[in-house]
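Student: What follows is a predicted protein model with its sequence.
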Amino acid sequence: PTPAESYTKDGSRYYFLGWYESTGHCVAWDFKTGVTKNMSLYAKWFSTANYIDSDSDGLPDDLENAIGSDPKNRDSDKDGLGDFYEVYYLNYDPLSSDTDKDGVKDCDEDLDGDGLTEKDEEKNSTYPNRADSDSDDLNDYDEIYTYSTNPLLRDTDRDGMSDGEEVRLGSDPKVYNETF
């Protein structure tokens with residue numbers, strides 16, 4: 001399960017680690033089996049009172065220990081993706097280099113079909129679940145490799161017209177144009 005970060009009113013951090021069949025939190029609930037009217041599920045939360053992140057990957061050591069990843073290695077499964085990125089952005093297992101067991105390493109997958117691998121998405125800080133991170137009607141791959149525009153900025157040249165509109169009109173999305 002992917003931890004979801006939550007805060008209490010006093011600023012304490014808690015992470016939701018998933019739903020379990022018993023109070024011992026040993027067997028994670030498989031929602032594919034269905035939920036019946038007369039059953040109980042138990043939420044597992046994890047508190048990180050002391051925020052220490054030895055490998056600077058964004059996941060606190062206490063949480064890495066709880067989910068089994070290595071708090072001293074930003075890439076526990078050595079697949080080329082940081083543990084934090086795998087857990088929070090991709091919902092991947094930071095202990096498996098091929099989470100979905102399809103023969104393709106996690107770093108080489110392309111969840112959103114934009115042509116960028118997950119490793120490229122992490123490197124460029126684009127959203128791995130959105131083919132067009134800035135919603136300008138150009139996919140992230142084309143922004144980076146075809147037009148050299150910023151995939152995180154809807155209007156790279158800041159002239160008031162989106163990169164996608166400029167490309168459709170035959171204008172250069174990297175050159176400010178006052179006529180728009």
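Tutor: Done, it's in.

Student: How about Trp29: what's its closest non-neighbour residue?
Tutor: For Trp29, ignoring the flanking residues on the chain, the nearest one in space by Cβ to Cβ, 6 or more residues apart in numbering is Trp19 at 4.3 Å. Using the backbone N, CA and C atoms, a C-beta is placed for each residue, glycine as well.

Student: SS state for the one you found?
Tutor: Each residue gets one of three states, and Trp19 gets strand by DSSP: H, G, I helix; E, B strand; the rest coil.

Student: Near it, how many other residues are there?
Tutor: Neighbours of Trp19 under the rule other Cβ atoms under 10 Å: 16.

Student: Looks like it contacts Tyr42 (just checking).
Tutor: Yes - between Trp19 and Tyr42 a contact is recorded at 7.0 Å, counting by Cβ atoms under 8 Å.

Student: can you count the residues close to the residue nearest to Asp155 when sequence neighbours are not counted?
Tutor: Using Cβ to Cβ, 6+ apart and skipping residues adjacent in sequence, the residue nearest Asp155 is Ser162, 5.4 Å away. Around Ser162 sit 20 other residues, with neighbours defined as other Cβ under 10 Å.

Student: residues contacting Ser162?
Tutor: Taking Cβ atoms under 8 Å, 6 or more residues apart in numbering as the criterion, Ser162 is in contact with 136-137, 154-155.

Student: List the backbone torsions phi and psi for it.
Tutor: Note on Ser162: backbone dihedrals following degrees, to the nearest 10 are phi -60, psi 160.

Student: do Leu169 as well
Tutor: Phi and psi for Leu169, reported as degrees, to the nearest 10, are phi -90, psi 0.

Student: Could you check how many residues crowd around it?
Tutor: Leu169 - counted by other Cβ under 10 Å - has 11 other residues nearby.

Student: Roughly how far does it sit from Thr179?
Tutor: 11 Å (Cβ to Cβ, to the nearest Å).

Student: Repeat that for Ala131.
Tutor: The span separating Ala131 from Thr179 equals 30 Å under the rule Cβ to Cβ.

Student: Compare these two (neighbour count), which wins?
Tutor: Using other Cβ under 10 Å as the criterion, Ala131 and Thr179 rank with Ala131 on top: 19 against 6.

Student: Would you check how far apart that one and Asn150 are?
Tutor: In this structure, Ala131 and Asn150 are 16 Å apart, going by Cβ to Cβ.

Student: List every C-alpha atom in stretch 87-105, with coordinates, as PDB.
Tutor: Output in PDB follows, covering the C-alpha atoms of stretch 87-105 (Å, rounded to 0.1, in the frame of the first residue of the first chain):
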ATOM      1  CA  VAL A  87       5.700   5.500  -3.200                       C
ATOM      2  CA  TYR A  88       4.100   9.000  -3.600                       C
ATOM      3  CA  TYR A  89       3.900   9.600  -7.400                       C
ATOM      4  CA  LEU A  90       3.700   6.100  -8.900                       C
ATOM      5  CA  ASN A  91       2.200   3.900  -6.200                       C
ATOM      6  CA  TYR A  92       5.000   1.400  -7.000                       C
ATOM      7  CA  ASP A  93       6.700  -0.900  -4.500                       C
ATOM      8  CA  PRO A  94      10.100   0.600  -3.600                       C
ATOM      9  CA  LEU A  95      11.300  -3.000  -2.900                       C
ATOM     10  CA  SER A  96      10.600  -4.300  -6.400                       C
ATOM     11  CA  SER A  97      12.300  -3.100  -9.600                       C
ATOM     12  CA  ASP A  98       9.300  -4.500 -11.600                       C
ATOM     13  CA  THR A  99       6.300  -3.800  -9.400                       C
ATOM     14  CA  ASP A 100       3.700  -5.000 -11.900                       C
ATOM     15  CA  LYS A 101       5.800  -8.100 -12.900                       C
ATOM     16  CA  ASP A 102       5.400  -7.400 -16.600                       C
ATOM     17  CA  GLY A 103       9.100  -7.800 -17.400                       C
ATOM     18  CA  VAL A 104       9.600  -4.000 -17.800                       C
ATOM     19  CA  LYS A 105      11.600  -2.300 -15.000                       C
END
